[in-house]
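Undergrad: Coordinates only, no sequence provided:
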Ligand SMILES: O=c1ccn([C@@H]2O[C@H](COP(=O)(O)OP(=O)(O)O[C@H]3O[C@H](CO)[C@@H](O)[C@H](O)[C@H]3O)[C@@H](O)[C@H]2O)c(=O)[nH]1
């Protein structure tokens, strides 16, 4: 029998590829066919890192160019977001035409991450197929973007998104209070010109998600109900986790080191600090060393993801003798199977940068947090964790902007020593499970969504 064929196109970054691939796996499980379009650069990384455990072979992984030269830095968001719309729409159109020419199962719908929705919408409209926007951050982040025109009117930001002054903004009661200098486009570093580019890119995204046929969000309104009321037509579909379909998470750019799972098996229940800062965070050498010494000072077991690019020359950056001193209770890996790690009984809490995927993964596993946000939406997510859900703690920085080893030890002891964090985290886990189980909010949306694609 012919299956409805969907084309899924993520924004080319790790934290966007993983959840959209997860959604794709769910669609395949429900009888759809999915062609998943990475950029050439990410496609190669993903294929190189693929493990035998990958169960998503039903998904056809293909790739198109991103418009950048091979040697250019894909972490340069301003450059990437400038290059993509020049080349990717034409390539996408060609790809769909080619699939429709040779395949019996024609493309009926494009699901595009919000970061690619602008040009994906145009291609889908031209080809008269359904168009869906996939929002991979908290709904609150989109609510903030919807509020931009009002903030310009009220003189909170100028028309390039630059905050006029530092002030706290709260969009609704029970939502995070956000420091204007931490708006998602305003805290990325890179200078004013960079910030303006990102701001206008985000403005375009906000307009584009409004014209998609559906706007689905990898969150649940059970987590952030007020935010969902501020964004018209947005629907919960998350948390999209591999455990919901008893599968493995896929789409990694780095090869996972699964030896950490065996190592976790040897640790006491509820004892290990899991330290991971997602795919993008970069830490300077001084802060990296302070973090290492902080973990040492806690005297507790820890599993720390030290991505090869987290700091300049990560292997050389450890404080002298550190690796020997912590060898009996600390494990460092380049990339962990995070979703499996977080569900392991020996994990006590999650020391996280608060990327939205990590936030939902920790919350869905009933874990308290220590929050070390780096940029973008991570400050909003930190505020959900610490101020709204009250399942974690923030760090204070010293006068030079460093989080000291003593501060790390103090906060680790606090989060472990206060059972209320764990109790509230377990409630949050129930909330997450309620959303995705049969008849829950996100489950219902998903079922309606697949009916609509089939219609
Ligand atoms: O060792 C690791 C580290 C991470 N992960 C996975 O990688 C993803 C990381 O995503 P996220 O926690 O959201 O962090 P980033 O990679 O930083 O994600 C980017 O994309 C997110 C979603 O749009 C944003 O919320 C973040 O701010 C942005 O930096 C998660 O699924 C993790 O499970 C692993 O599997 N192993």
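TA: Received the coordinates, thanks. Note that the structure is predicted; figures quoted are calculated from it, not measured. Numbering: from 1, shown residues only.
Undergrad: can you give me the strands in the stretch 1-150 of the chain?
TA: 5-9, 33-39, 60-64, 107-113, 130-135 (DSSP state E, counting those that start in this stretch).
Undergrad: what about the spatially closest residue to residue 333 that is not a sequence neighbour, helix or strand, and which?
TA: Nearest residue to residue 333, sequence neighbours excluded (CB to CB, 6 or more residues apart in numbering): residue 257, at 4.0 Å. Every C-beta, even on glycine, is put in place using the N, C-alpha and C of the backbone. Under DSSP states H and E, no helix or strand contains residue 257.
Undergrad: Point me to the residue of the stretch 51-200 of the chain nearest the ligand.
TA: At 4.0 Å from the ligand, residue 136 is the closest residue in the stretch 51-200 of the chain, using CB to the nearest ligand atom.
Undergrad: Might one say that that residue is in contact with residue 17?
TA: No: in this structure, residue 136 is not within contact of residue 17 by CB atoms under 8 Å, at 9.4 Å.
Undergrad: Write out the residues of the stretch 201-350 of the chain neighbouring the ligand.
TA: Proximity of the stretch 201-350 of the chain to the ligand, by CB under 6 Å from any ligand atom, involves residues 252, 276, 278-280, 305, 335-339.
Undergrad: I'd like these laid out as a markdown table, including secondary structure.
TA: A markdown table is the format used below for those (DSSP: H, G, I helix; E, B strand; the rest coil):
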| residue | secondary structure |
| --- | --- |
| 252 | coil |
| 276 | strand |
| 278 | coil |
| 279 | coil |
| 280 | coil |
| 305 | strand |
| 335 | coil |
| 336 | coil |
| 337 | coil |
| 338 | helix |
| 339 | helix |
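Undergrad: In stretch 162-182, which residues are buried?
TA: For stretch 162-182, burial by neighbour count (16 or more other CB atoms under 10 Å) applies to 162-163, 169, 171, 175-176, 178-180, 182.
Undergrad: neighbouring contacts of that stretch?
TA: Residues outside stretch 162-182 that contact it (CB atoms under 8 Å, 6 or more residues apart in numbering) are 140, 143-144, 147, 151, 155-158, 183, 186-187, 192, 195-196, 224-227, 229-230, 379-380, 383-384, 387-388.
Undergrad: what about 7 Å?
TA: Stretch 162-182 is contacted by residues 140, 143-144, 147, 155-158, 183, 186-187, 192, 195, 226-227, 230, 379-380, 383-384, 387-388 when judged by CB atoms under 7 Å, 6 or more residues apart in numbering.
Undergrad: Just give the nearest non-adjacent residue to the residue of the stretch 351-455 of the chain found nearest the ligand, would you?
TA: Of all residues in the stretch 351-455 of the chain, the one sitting closest to the ligand is residue 355 (2.3 Å; CB to the nearest ligand atom). Counting by CB to CB, 6+ apart, the nearest residue to residue 355 once its immediate chain neighbours are dropped is residue 278, at 4.1 Å.
Undergrad: What's the per-residue pLDDT of the one you found here?
TA: Looking at residue 278, its pLDDT stands at 97.
Undergrad: residues near it, how many?
TA: Using other CB atoms under 10 Å, residue 278 has 21 neighbouring residues.
Undergrad: and if you look at the one 4 residues further on?
TA: Using other CB under 10 Å, residue 282 has 16 neighbouring residues.
Undergrad: Tell me where the model's unsure across this protein.
TA: 51-57 (pLDDT under 70).
Undergrad: mind redoing it with 90?
TA: Applying pLDDT under 90 to the chain flags the ranges 1-2, 50-58, 76-78, 165, 188-191, 312-316.
Undergrad: So which elements touch the longest helix seen in the chain?
TA: Taking DSSP state H as the criterion, the chain has its longest helix at helix 77-102. Contact partners of helix 77-102 among helices and strands, from 3 or more CB pairs under 7 Å, 6 or more residues apart in numbering; DSSP states H and E: strand 60-64, strand 107-113, helix 117-126, helix 191-211.
Undergrad: Now with 10 Å, please.
TA: strand 5-9, strand 33-39, strand 60-64, strand 107-113, helix 117-126, helix 191-211 (3 or more CB pairs under 10 Å, 6 or more residues apart in numbering; DSSP states H and E).
Undergrad: Save the ones you listed as JSON lines, and put in mean neighbour count too.
TA: Shown next, in JSON lines, are the helices and strands packed on helix 77-102 (neighbours: other CB atoms under 10 Å):
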{"stretch": "strand 5-9", "mean neighbour count": "25"}
{"stretch": "strand 33-39", "mean neighbour count": "24"}
{"stretch": "strand 60-64", "mean neighbour count": "18"}
{"stretch": "strand 107-113", "mean neighbour count": "24"}
{"stretch": "helix 117-126", "mean neighbour count": "21"}
{"stretch": "helix 191-211", "mean neighbour count": "17"}
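Undergrad: can I get the ones you listed in TSV with distance to residue 27?
TA: Output for those, formatted as TSV (distance: least, CB to CB, whole Å):
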stretch	distance to residue 27
strand 5-9	6
strand 33-39	6
strand 60-64	12
strand 107-113	8
helix 117-126	17
helix 191-211	20
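Undergrad: Next, show the common contact partners of residue 136 and residue 17.
TA: 10-11, 113 (CB atoms under 10 Å, 6 or more residues apart in numbering).
Undergrad: ok, those vs residue 43, which is closest?
TA: Set against residue 43, the nearest of these by CB to CB is residue 10 (11.0 Å).
Undergrad: if I read this right, that closest one contacts residue 84, doesn't it?
TA: No: using CB atoms under 10 Å, residue 10 makes no contact with residue 84, being 11.7 Å away.
Undergrad: what touches both of those two?
TA: Each of 39, 115-116 lies in contact with both residue 10 and residue 84 under the rule CB under 10 Å, 6+ apart.
Undergrad: Redo the residues you listed as JSON lines? Include distance to the ligand.
TA: Converted to JSON lines, the shared contacts of residue 10 and residue 84 look like this (distance: CB to the nearest ligand atom, whole Å):
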{"residue": "39", "distance to the ligand": "15"}
{"residue": "115", "distance to the ligand": "8"}
{"residue": "116", "distance to the ligand": "12"}
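Undergrad: ok so, going back, export the strands of the stretch 1-150 of the chain as a markdown table, with columns for distance to residue 397.
TA: A markdown table is the format used below for the strands of the stretch 1-150 of the chain (distance: least, CB to CB, whole Å):
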| stretch | distance to residue 397 |
| --- | --- |
| strand 5-9 | 38 |
| strand 33-39 | 35 |
| strand 60-64 | 41 |
| strand 107-113 | 32 |
| strand 130-135 | 31 |
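Undergrad: Run a quick neighbour tally on residue 422.
TA: Residue 422: 17 neighbours (other CB under 10 Å).
Undergrad: That one - nearest residue in space that isn't next to it in sequence?
TA: residue 368 (5.8 Å).
Undergrad: Please state the offset of the longest helix of the chain from the chain centre?
TA: Centroid separation for helix 77-102 versus its chain: 23 Å, with CA atoms, centre = their mean, to the nearest Å.
Undergrad: And the ligand, is that helix touching that?
TA: No: shown here: helix 77-102 not in contact with the ligand (CB under 6 Å from any ligand atom), separated by at least 10.0 Å.
Undergrad: can you check stretch 175-194 too?
TA: No: figure legend: stretch 175-194 not in contact with the ligand (CB under 6 Å from any ligand atom); closest approach 8.3 Å.
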